[in-house]
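In: Sequence and predicted model, in that order:
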Amino acid sequence: MDTEVGMGRPPMPEQPPERRVGNFEEVPLGYSPEAAFAEARRCLQCKRPLCIEGCPVAVQIPEFIALMAEGKFTEAARKIKETNALPAICGRVCPQETQCELRCVLGKRGEPIAIGRLERFAADWELQHGEVEPPELPEPTGFSVAVVGSGPGGLACAADLAMRGHRVTIYELFHAAGGVLRYGIPRFRLPREVLDAELDYLRGLGVEIRLNFAVGRTATVDDLLREHDAILIATGAGLPRFLDIPGENLLGVYSANEFLTRVNLMHADLFPEYHTPVHCGQNVIVVGGGNVAMDSARTARRLGAGHVTVLYRRTRAEMPARAEEIVHAEEEGIEFRFLAAPVEMLGDDESWLRAMRCIRTELGEPDETARRRPIPIEGSEFEIPCDTAVIAIGSRAHPLVPDTTPDLEVGTRGYITIDDTGATSRPGVFAGGDIVTGSATVIQAMGAGRRAAESIHRYVTDHSGGEKA
Amino acid sequence: MYEIVFREEIAPDTWRYVVRAPEIAERRRAGQFVVLRVDDKGERFPLTIVGSDPDQGTIELIFQAVGTSTRLLADLQVGDEVIDLLGPLGHPTHIDCFGTCVVTGGGYGMAPVIPIAEALKDAGNRLIGINGARAREHVILEDRLREICDRVEVCTDDGSYGHQGFVTDVLRGIIEAGEQIDYVLAIGPTPMMRAVAELTRPRGIRTVVSLNPIMIDGTGMCGGCRVEVGGETKFACVDGPEFDGHLVNFDTLMRRQKMYDGMESEAQRMYRPHSTPCRQEEAAHGH
Ligand SMILES: Cc1cc2nc3c(=O)[nH]c(=O)nc-3n(C[C@H](O)[C@H](O)[C@H](O)COP(=O)(O)OP(=O)(O)OC[C@H]3O[C@@H](n4cnc5c(N)ncnc54)[C@H](O)[C@@H]3O)c2cc1C
Ligand SMILES: Cc1cc2nc3c(=O)[nH]c(=O)nc-3n(C[C@H](O)[C@H](O)[C@H](O)COP(=O)(O)OP(=O)(O)OC[C@H]3O[C@@H](n4cnc5c(N)ncnc54)[C@H](O)[C@@H]3O)c2cc1C
Ligand code: SF4
Ligand code: SF4
Ligand code: FES
């Protein structure tokens, strides 16, 4: 292991691919204290740390790393938590290579500091050593805030408001909290103990989580406004998109949301001990190139699929997935077919999927996302046999709250419109996360949640002269 | 947790439960459903809200014990709790004064018909109820239907009670006798809903069916409940569950409902090793 200052980062120990495809345990095993210590000492402690600018919640990176370099791991975790309530999660799932680590000066000539791995290590250390203690809470303000949705945006906002002494109730429609962290991201990337510990921490701050509560159905935003002084809407972009091609309703064709929800939320991998089944054949095609596609493909592999293909209409360079996920998928034997898109799903006599008709594509001019647009090549159709398909081509805004909240302004694609304080068109109603931006990242949703918390705090205190009547 | 405050078996393997769920009781409207989970290993599955008592904070569910989840639910006793219950979900039924309406339910489908029939009656419609079942002991909710409707016909497949035949036979008889029918509501097994839709289609009678595909979240997030209506893909949980029966592709619906049949029977063997074998098995074993 090369751990000397100024050289590369220590490698991350991992479960070997041939073993991990047979289980759902976490793949990267985490740094040893020695490795964490060595990596922390590699940080230059820059006077003008660019890394912080790359982090959407401005984690005090050099400061927490300095504590780690002194071996003060728990203190480091607490330092991170001043700005990021969920470090054990972000350390694992942030796309660090496009955020904090992209900006680290060491990256110019060698490997940037492994900020994510250090963040994970500090948070895990604090947890494993039973050193998590809720920060001291201020006197209760008497104000009460409703947070709709328990994804990272809602959780971050709830934590900040609780730490300012407000009473917070989270309303979540599923029977378990966490949003995408619960039903989307598989446990081999984010063990459920980590998520549960973070939720416990939040409950320790006095946050109440009401499950099985669909805002817009069980009660409306207007009902909630009668009980609470302000509301954050953080309902995510959880609706699946389909390809809109013939044969998409054949048996064996799933949205990634359904496929992943069955496994992650409902434990279909443990069927029949758990009662929700999932159908995963031997020959699986996953359509898409983002994290969701990688998670679906790797899940299919773990459910026993002999052959899994990821079909993406651009090339590897344009794939939006985290770099680490792509590498892990490749190591797990997942085949990538670039520059091809499905045009039809073909079924057998019993309406089960038997093949996918695809067309080759080539890249044209950059589109509005600055990626080169794929153009189908006429006459280049071909078939790939398959018995399961998972469509992972993006998601849509959750319409339940906008549809049931009069005068709540939304943009053309149904995402809620906010101003730069996070306020919506309805007084006292704020919004943040994927329901505003469209599908983004965990840490961006948390950043939005924290900004909204700041605005909500100002809103409730301003509207009452600082005192609850 | 949602406590069961009352339960009774109203027909073989068919149960009526009253469950504490105050928020849902207050808000639910005809045509809406809940998604529930019996225990922490359970599936999420939908049941129609048949009635509610906002003062008591309870809702009424009627279900047939057909597989793992519904049987586990049937095993609970008064005082036990259902771990998760979400609702009210789905669009409330579109209620209007249509004129003369036929409301018909097959088997457990009679249960979801009741709240809609009540709402149609309140809106001033004249109501003819057709209550169909396999045999006499499977006829449910006859008295309640009689309270709501102006006229009620009962039929059984084997003729052991009421007319002998299917609800479509009775409906055809009513139409052929010259009744002017303005609206038909049909809820029950998919083949029954299809047969009703086929009967009314050539006669141009507006026909509403309530679809029951397999669901998970019940809020539009998985797409597992997708159905084809008028050539378009719809999510039954948020776009329905009621649709124009003349536009529904019943073939796709039936196939998708059976998607997990092989796996489900595996689960049932595991959870009910000592339970009475199902009817087909009884027949196959010559009991
Ligand atoms: C499979 C997958 C993998 C991903 N991997 C990564 C990754 O590695 N790194 C990364 O940074 N990002 C990743 N993302 C994206 C990231 O998870 C999201 O950007 C982030 O979770 C958005 O957070 P949110 O709080 O806005 O919404 P969500 O996490 O979507 O949470 C919204 C919550 O609101 C609830 N809800 C919705 N409507 C209602 C209602 N009416 N009433 C009550 N509750 C409601 C939902 O059930 C849900 O729990 C991934 C996404 C997916 C789907
Ligand atoms: C909106 C909606 C409302 C419903 N309301 C009621 C109700 O009020 N009362 C009631 O008894 N049932 C109702 N159902 C059907 C009920 O959800 C299913 O019977 C239940 O999910 C079966 O679960 P299980 O595990 O017991 O059976 P499984 O083991 O899953 O299935 C047993 C058998 O039932 C079939 N089956 C499974 N799911 C369905 C389904 N959704 N529809 C038809 N057949 C199915 C299977 O193909 C199999 O043959 C409703 C369904 C929907 C979508
Ligand atoms: S929260 Fe994410 S972006 Fe910020 S420092 Fe941690 S890993 Fe980097
Ligand atoms: S930019 Fe890199 S080296 Fe500088 S403080 Fe940040 S992590 Fe350390
Ligand atoms: S049940 Fe998931 S979308 Fe309808």
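Out: Good, I have the coordinates. Keep in mind that this is a model prediction, so the values were computed, not measured. Residues are numbered from 1 along each chain as shown, chains lettered A, B, ... in the order given. Ligands and ions are numbered 1, 2, ... in the order given.
In: buried stuff in stretch B:158-170?
Out: B:161-163, B:165-170 (16 or more other Cβ atoms under 10 Å in any protein chain shown). C-beta: built from backbone N, CA, C; applies to glycine.
In: Off-centre distance for that stretch?
Out: Its chain's C-alpha centre and that of stretch B:158-170 lie 19 Å apart, by Cα atoms, centre = their mean, to the nearest Å.
In: got it, and stretch A:22-40?
Out: Offset of stretch A:22-40 from its chain centre (Cα atoms, centre = their mean): 20 Å.
In: Pull out the buried residues from it.
Out: A:24, A:26-28, A:30-31, A:35-40.
In: Mind checking what secondary structure the residue lying closest to residue A:267 once chain neighbours are set aside has?
Out: Once flanking residues are discounted, residue A:267 sits nearest to residue A:274: 3.9 Å by Cβ to Cβ, 6 or more residues apart in numbering or on different chains. What DSSP: H, G, I helix; E, B strand; the rest coil gives for residue A:274 is coil.
In: Pull the residues that contact the biggest strand by length in chain A.
Out: Determined from DSSP state E, the single longest strand within chain A is strand A:353-366. Outside strand A:353-366, the residues that touch it by Cβ atoms under 8 Å, 6 or more residues apart in numbering or on different chains are A:247, A:250-253, A:285, A:311, A:313-315, A:318, A:339-348, A:372-377, A:380-389.
In: What remains of those if I keep only buried residues?
Out: Among the contacts of strand A:353-366, those buried by neighbour count (16+ other Cβ under 10 Å) are A:247, A:250-253, A:285, A:311, A:313-315, A:318, A:339-342, A:344-345, A:347, A:372, A:374, A:376, A:384, A:386-389.
In: per-domain residue ranges of the chain.
Out: You didn't say which chain, so I picked chain A. A:17-128, A:144-238+A:397-462, A:241-394 (automatic domain parsing).
In: was after chain B, sorry
Out: Split by automatic domain parsing, chain B gives B:2-90+B:265-275, B:100-257.
In: touching ligand 5 at all, the first one?
Out: No - in terms of Cβ under 6 Å from any ligand atom, no part of domain B:2-90+B:265-275 sits within range of ligand 5; the closest distance is 7.8 Å.
In: okay but residue B:157 is in contact with residue B:163, surely?
Out: No - between residue B:157 and residue B:163 there is no contact under Cβ atoms under 8 Å: 10.4 Å.
In: Got phi/psi on residue B:122?
Out: Main-chain dihedrals, residue B:122, degrees, to the nearest 10: phi -60, psi -30.
In: Look up how far ligand 3 lies from it.
Out: Remark: distance between residue B:122 and ligand 3 (Cβ to the nearest ligand atom, to the nearest Å) = 56 Å.
In: For that residue, list the residues it contacts.
Out: residue B:95 are the contacts of residue B:122 under Cβ under 8 Å, 6+ apart.
In: So the residue nearest to residue A:267 versus ligand 1, what's the distance?
Out: 19 Å.
In: Tell me what the residue in the stretch 51-200 of chain B positioned nearest to ligand 1 is bridged to.
Out: Nearest residue of the stretch 51-200 of chain B to ligand 1 (Cβ to the nearest ligand atom) works out as residue B:86 at 9.6 Å. Beta-bridge partners recorded for residue B:86 (DSSP bridges): residue B:35.
In: Now for it: which residues touch it?
Out: Taking Cβ under 8 Å, 6+ apart, we find residue B:86 in contact with A:173, A:175, A:212-214, A:218, B:34-36, B:218-219.
In: Now with 7 Å, please.
Out: A:173, A:212, A:214, B:34-35, B:218 (Cβ atoms under 7 Å, 6 or more residues apart in numbering or on different chains).
In: For the residues you listed, which entry has the maximal number of neighbours?
Out: Highest neighbour count within the contacts of residue B:86: residue B:218, with 28 neighbours (other Cβ atoms under 10 Å in any protein chain shown).
In: Helix, strand or coil: sort out that one for me.
Out: Residue B:218 ends up coil, using three-state DSSP.
In: Ok, residue B:140 next?
Out: At residue B:140, secondary structure determined by three-state DSSP is coil.
In: State the distance from it to residue A:422.
Out: To residue A:422, residue B:140 is 52 Å away according to Cβ to Cβ, to the nearest Å.
In: before we move on, what about residue A:275?
Out: Residue A:275 is 40 Å from residue A:422, by Cβ to Cβ.
In: neighbour-wise, which of the two wins?
Out: residue A:275 (28 against 24).
In: ok, the more buried one - contacts?
Out: By Cβ under 7 Å, 6+ apart, the contact set of residue A:275 is B:41-43, B:68-69, B:267.
In: Up against chain B, what does chain A have?
Out: A:173-175, A:212, A:214, A:217-219, A:238-240, A:242, A:249, A:251, A:255, A:257-258, A:261-262, A:266, A:271-277, A:279, A:351, A:400 (Cβ under 7 Å from any Cβ of the partner chain).
In: Now, those that are in helices?
Out: Judged by DSSP state H, helices contain the following of these: A:257-258, A:261-262, A:400.
In: sorry, back to before: dump the domains of chain B to CSV, plus mean pLDDT.
Out: Listed next are those as CSV, based on pLDDT from 0 to 100:
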stretch, mean pLDDT
domain B:2-90+B:265-275, 92
domain B:100-257, 95
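In: Out of these, which is closest to residue A:19?
Out: domain B:2-90+B:265-275 (26.7 Å; Cβ to Cβ).
In: next one: the helix or strand containing residue A:154 to chain centre, how far?
Out: Using DSSP states H and E, residue A:154 sits within helix A:152-163. On the basis of Cα atoms, centre = their mean, helix A:152-163 is displaced by 16 Å from the centre of the chain it belongs to.
In: so after it, what's the next helix or strand?
Out: strand A:167-171.
In: Run the angle between that following strand and helix A:152-163 for me.
Out: 160 degrees (axes from the mean of the first three to the mean of the last three Cα atoms, to 10 degrees).
In: hmm, the biggest strand by length in chain B in reach of ligand 2?
Out: Longest strand of chain B, by residue count under DSSP E: strand B:2-11. No - using Cβ under 6 Å from any ligand atom, strand B:2-11 never reaches ligand 2; the gap is at least 11.2 Å.
In: hang on, the earlier thing: mark which of the residues of chain A next to chain B are buried, thanks.
Out: By 16+ other Cβ under 10 Å, the residues of chain A next to chain B give A:173-175, A:212, A:214, A:217-219, A:238-240, A:249, A:251, A:255, A:257-258, A:261-262, A:266, A:271-272, A:274-277, A:279, A:351, A:400 as buried.
In: ok, back up a step: can you check which of the domains of chain B gets nearest to residue A:328?
Out: For residue A:328, the closest of the domains of chain B is domain B:100-257, at 25.3 Å, according to Cβ to Cβ.
In: what about the closest one, how long is it end to end?
Out: One end of domain B:100-257 sits 32 Å from the other (Cα to Cα, to the nearest Å).
In: ok, back up a step: would you mind giving the domains of chain A as a markdown table with mean pLDDT and distance to ligand 4 added?
Out: As requested, these are exported to a markdown table (pLDDT from 0 to 100; distance: least, Cβ to the nearest ligand atom, whole Å):
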| stretch | mean pLDDT | distance to ligand 4 |
| --- | --- | --- |
| domain A:17-128 | 94 | 3 |
| domain A:144-238+A:397-462 | 95 | 16 |
| domain A:241-394 | 95 | 18 |
